[in-house]
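Participant: below are the sequence and a predicted model; questions follow.
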Amino acid sequence: MTAVVNVFLKEGVLDPQGKAAHHALDSLGFAGVSDVRIGKQIIIKLDTEDRAVAETEVKEMCETLLANTVIEDYTIEIN
Amino acid sequence: MKVAVLRFPGTNCEFDTQYAFEKLGHTTELVWHETEQLPEEIDLVVVPGGFSYGDYLRSGSIARFSPVMKAVTAYANAGGKVLGICNGFQILTEAGLLPGALKRNNNLHFISKHQNLCVINNDNAFLNKCDKGEVLNIPIAHADGNYYIDDEGFKKLEANGQILLRYSDENGNPVVVNGSVTSIAGVCNEAKNVFGLMPHPERALEAILGSVDGIRMLQGFEA
């Protein structure tokens, strides 16, 4: 199975990269952009075919290493 | 004093740190990250600056799982003194030994310059040779020095006297350097035996290099 993990700064934690990209989009004339957040995507190939096992394992990976939950939130998608 | 200086792949301030403590008359020992035990009879562990593991994932996030960090955590939990400088500060926050986290600088630039710092609290093993409100001139050199802590955590820091230093002007008024919450440049844990700061006191020991203010900071641990 493949796990797709998205990690973003929490709402309320200023994202300086997102802000810079937002500013650049404004400068380029793209109107109507209200917010830009930049995060990272981590793709993990897993040996297991058991979705529940995969979810539990990847959640632990996120909590331990992949995200710093002081400043970041994460989402997990298992395919 | 005997000082253990940690070394991870990508650390680059370990020799400056050794030089600094040896110049002040202390002995030092480099400790490789794969080592599972700290040297015996040490008085201080320093996690020096650099770019451990290339800052991959997040600065300090991979180094904090090195075997030596288990020993450092046990040492700190037993009351041993630990100082994290720059990347060392990032590693100690990632390890949960210090509160908060260090984000990318607000202007997205690597900032490298001499910076004034105001001493906020000196009733601790680190800054006891500096005066409260004193302004120190210490170099900074970092991309991820934007200190973040939530409101609740900040209130605890303030109430417990855990804020060590703030970026300031020459009169001690806080200035925005990298976007840190209330311009925080350094903090300690609640027990006041684990210290972290983004500025580099080990680079401020020689008048010819612009400042000697780092001497009194590092001498604090002698008490």
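Facilitator: Now that the structure is in, tell me what you want to look at.
Participant: which residues touch the closest residue to residue A:70 other than its chain neighbours?
Facilitator: Spatial nearest neighbour of residue A:70, chain neighbours left out: residue B:101 (4.2 Å); criterion: CB to CB, 6 or more residues apart in numbering or on different chains. All C-beta atoms are positioned from the backbone trio N, CA, C, and that covers glycine. The contact partners of residue B:101, by CB atoms under 8 Å, 6 or more residues apart in numbering or on different chains, come to A:68, A:70-71, B:93-94, B:147-149.
Participant: for residue 57, pull up the helix or strand it's in.
Facilitator: Let's take chain A. Element membership of residue A:57, judged by DSSP states H and E, is helix A:51-61.
Participant: all the strands of chain A, residue numbers only.
Facilitator: A:2-9, A:40-45, A:72-78 (DSSP state E).
Participant: out of those strands, which gets nearest to chain B?
Facilitator: strand A:2-9 (7.5 Å; CB to the nearest CB).
Participant: paired strands for the closest one, with orientation please.
Facilitator: strand A:40-45 (antiparallel), strand A:72-78 (antiparallel) (DSSP bridges).
Participant: quick one, what contacts residue B:192?
Facilitator: For residue B:192, the contact set (CB under 8 Å, 6+ apart) comprises B:123-125, B:161-162.
Participant: tell me how far it lies from residue B:132.
Facilitator: 15 Å (CB to CB, to the nearest Å).
Participant: if we can go back for a sec, rebuild the strands of chain A as CSV, extending it with mean pLDDT.
Facilitator: CSV is the format used below for the strands of chain A (pLDDT from 0 to 100):
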stretch, mean pLDDT
strand A:2-9, 97
strand A:40-45, 98
strand A:72-78, 97
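Participant: can you redo those as JSON lines with mean neighbour count?
Facilitator: Listed next are the strands of chain A as JSON lines, based on neighbours: other CB atoms under 10 Å in any protein chain shown:
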{"stretch": "strand A:2-9", "mean neighbour count": "17"}
{"stretch": "strand A:40-45", "mean neighbour count": "13"}
{"stretch": "strand A:72-78", "mean neighbour count": "16"}
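Participant: spatially nearest residue to residue A:10 (excluding sequence neighbours)?
Facilitator: With CB to CB, 6+ apart, the residue lying closest to residue A:10 is residue A:73, at 5.2 Å.
Participant: pretty sure the one you found contacts residue A:67?
Facilitator: Yes. Counting by CB atoms under 8 Å, residue A:73 sits close enough to residue A:67 to count as a contact (7.2 Å).
Participant: mind listing the shared neighbours of the two?
Facilitator: Common neighbours of residue A:73 and residue A:67 (CB under 8 Å, 6+ apart) are residue A:7.
Participant: pull out the buried positions in the helix or strand harbouring residue B:217.
Facilitator: Using DSSP H and E, residue B:217 falls within helix B:213-219. If you call a residue buried by 16 or more other CB atoms under 10 Å in any protein chain shown, then helix B:213-219 has these buried ones: B:213-219.
Participant: now name the helix or strand holding residue B:116.
Facilitator: Assigned by DSSP H and E, residue B:116 falls in strand B:111-119.
Participant: buried residues in that strand?
Facilitator: Those would be B:115-119, for strand B:111-119 by 16+ other CB under 10 Å.
Participant: which residue, other than its chain neighbours, is closest to residue 39?
Facilitator: Unless you meant another one, I'm taking chain A. Per CB to CB, 6+ apart, closest to residue A:39 is residue A:8, 3.6 Å.
Participant: the chain in question should be chain B.
Facilitator: Residue B:39's closest residue in space is residue B:29 (CB to CB, 6+ apart), at 5.0 Å.
Participant: buried stuff in stretch B:68-79?
Facilitator: Neighbour count says stretch B:68-79 has B:68-69, B:71-73, B:75-76 buried, by 16+ other CB under 10 Å.
Participant: next: stretch B:9-17.
Facilitator: Buried positions in stretch B:9-17, judged by neighbour count with 16+ other CB under 10 Å: B:10-11, B:13-14, B:16-17.
Participant: now residue B:8. Nearest residue, chain neighbours left out?
Facilitator: Residue B:8 sits nearest to residue B:52 (CB to CB, 6+ apart), 3.9 Å away.
Participant: can you tell me how far that neighbour sits from residue A:51?
Facilitator: Taking CB to CB, one finds residue B:52 at 35 Å from residue A:51.
Participant: how about the residues of chain B near chain A?
Facilitator: B:57-58, B:61-62, B:65, B:93-94, B:100-101, B:103-108, B:146, B:148-150, B:179 (CB under 8 Å from any CB of the partner chain).
Participant: from these, list the buried ones, please.
Facilitator: Buried members of the residues of chain B next to chain A, counted by 16+ other CB under 10 Å: B:57-58, B:61-62, B:93-94, B:100-101, B:103-106, B:146, B:148-150, B:179.
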